[in-house]
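1. I would like to see how this sequence folds:
(one chain, ligands or ions: 2)
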Amino acid sequence: MITEIARAKLNLALHVRARRPDGYHELETLFAFVEHGDVLRIVPADAPSFRITGPFSGALAGEGDNLVTRAAARFAAIFGGGAHSIELEKHLPVASGIGGGSADAAATLRALARLHHVALDDPKLFEIADALGSDVPACLLGRTAIGKGRGEQLETVPGMPGTPVLLVNPGVAVSTAQVFARWDGQDRGPLGSDPLAGRNDLESPARAIAPVIGDVLETLAAQPGVTLTRMSGSGATCFALFESEAARGNAAAAIVRSVWWCVQTRLT
Ligand SMILES: C[C@](O)(CO)[C@H](O)COP(=O)(O)OP(=O)(O)OC[C@H]1O[C@@H](n2ccc(N)nc2=O)[C@H](O)[C@@H]1O
Ligand SMILES: Nc1ncnc2c1ncn2[C@@H]1O[C@H](COP(=O)(O)OP(=O)(O)OP(=O)(O)O)[C@@H](O)[C@H]1O
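-> Ligands and ions are numbered 1, 2, ... in the order given. Presented below is the predicted three-dimensional model:
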């Protein structure tokens, strides 16, 4: 059995530069990953099977299609390898800006590659990832990186491993396509030499759809020891970086009294 962690993705900064004729947007983003994530278990089997367990399995129960099974089908079409029994233990909220589905698809590709002796840097794996979604190549790479284009042009950069992080989601699912559609079309400039001094251009359109995001950001920014507060991706999950684990713990204790999903983790 192969086990892979599908780590949550954060956009430490996300600059939207242009709307493209194909309906996508040109981005400049700083991708980072945290320790917390979904868990994927894959074992070769006589017949294919797929089951979802874990605290957020219910949100996906009614959907016949899943990025995990799509990734497995595309892997099989290119590399072969037969049937598998797959379990996805869902810990990340769905449609929440931290790339849960993308991380699951990437973890599926990594697990199958390990099982069938395909090199993790095989360009065909990246082609499969690219076809599955804009965030999947970054999740396959799984390292701190600047992303350009649709998000698939990646350049690794030094990360800040071990930095204490608090993830907070107010329990509102936000559609990525709807948030991009509300972007006002104004280019506010590139990522600078310090991307952490940047911004998330999807924050304003996401807040128009889910105003509670403003409350989350305000609550996080008010916590002692916070060094950065921002929304990730198209929302609604927001994150805060802290100067110490103690400061993060105190913030989590204050926030956990609300009904918001709140997880203490670290950057990888
Ligand atoms: C917001 C981010 O999470 C930032 O990392 C990504 O840009 C979104 O990545 P994703 O969920 O993997 O996105 P996809 O599944 O490729 O696209 C979902 C929808 O988001 C919009 N989309 C996505 C990526 C992009 N660069 N421009 C877009 O306009 C499109 O309407 C698309 O139909
Ligand atoms: N394994 C999966 N986990 C979560 N969502 C999935 C999965 N497979 C398919 N989906 C579909 O993908 C949609 C987006 O889910 P996901 O959790 O990846 O969004 P997200 O966190 O907003 O991603 P991003 O940050 O890439 O925009 C869901 O509404 C769901 O219908």
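2. drop to CA atoms for contacts and neighbour counts, all remaining ones
-> Fine.
3. residues in contact with stretch 131-139?
-> Here stretch 131-139 makes contact (Cα atoms under 8 Å, 6 or more residues apart in numbering) with 7, 9, 31, 67, 70-71, 99, 102-103, 105-107, 126, 129-130, 145, 147, 150-152, 154.
4. what about 6 Å?
-> S102, A103, A106, F126, A129, D130, R150, G151, E152 (Cα atoms under 6 Å, 6 or more residues apart in numbering).
5. Show the contacting residues for the fourth one.
-> Taking Cα under 6 Å, 6+ apart as the contact definition, F126 lies against P137.
6. Please repeat the previous calculation with a cut-off of 8 Å.
-> P137, L140.
7. just use 11 as the starting number from now, easier for me
-> Understood, numbering begins at 11; the last thing we discussed is F136.
8. Secondary structure element holding it?
-> Per DSSP states H and E: F136 is located in helix 133-142.
9. hang on, isn't L130 packed against A121?
-> No - look at L130 against A121 with Cα atoms under 8 Å: they stay out of range, at 9.6 Å.
10. between the two, which one's more packed in?
-> Neighbour count, other Cα atoms under 10 Å: between L130 and A121, A121 has more, with 24 against 17.
11. Count the neighbours of F190 for me.
-> Neighbour count for F190, taken as other Cα under 10 Å: 20.
12. got a list of what it touches?
-> F190 makes contacts with H35, L212, P215, S244, as judged by Cα under 8 Å, 6+ apart.
13. I'd like these laid out as TSV, including distance to I12.
-> Output for the contacts of F190, formatted as TSV (distance: Cα to Cα, whole Å):
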residue	distance to I12
H35	36
L212	36
P215	40
S244	31
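14. show me which of those neighbour ligand 2.
-> Applying Cα under 6 Å from any ligand atom to the contacts of F190, one finds that S244 fall near ligand 2.
15. among the contacts of F190, which two are most distant?
-> H35 and P215 (14.2 Å; Cα to Cα).
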